[in-house]
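**Q** Turn this into a model:
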Amino acid sequence: MKKFTAFLMLCGFIALTGCNTMKGAGQDIQRGGEKLENAADRNK
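**A** As a prediction, this is how the structure comes out:
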């Protein structure tokens, strides 16, 4: 039972870490898109 609990805790930790990583990647992609949009607006 202790091994199962430890396994569930490890899975939860990995899931939370993955969510933070995906959120950070999404923010980076959004900033890149904004810069592209700004560059396109300047070159009209």
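
**Q** Would you state the helices of the chain in chain order?
**A** For the chain, the helices defined by DSSP state H cover 2-42.

**Q** Low-confidence ranges, it, go.
**A** For the chain, applying pLDDT under 70 flags the ranges 16, 18-19.

**Q** burial measure for Phe13, as a count.
**A** 10 (other CB atoms under 10 Å). C-betas here are computed from N, CA, C, even on glycine.

**Q** Could you report the separation of it from Glu34?
**A** To Glu34, Phe13 is 32 Å away according to CB to CB, to the nearest Å.

**Q** Also Phe7?
**A** With CB to CB as the criterion, Phe7 and Glu34 are 41 Å apart.

**Q** Then Gly24?
**A** 16 Å.

**Q** Check Met1 too.
**A** 50 Å.

**Q** With neighbour numbers in mind, choose between the two.
**A** Glu34 (10 against 5).

**Q** how about that one, what does it touch?
**A** If a contact means CB atoms under 8 Å, 6 or more residues apart in numbering, then Glu34 has no contacts.
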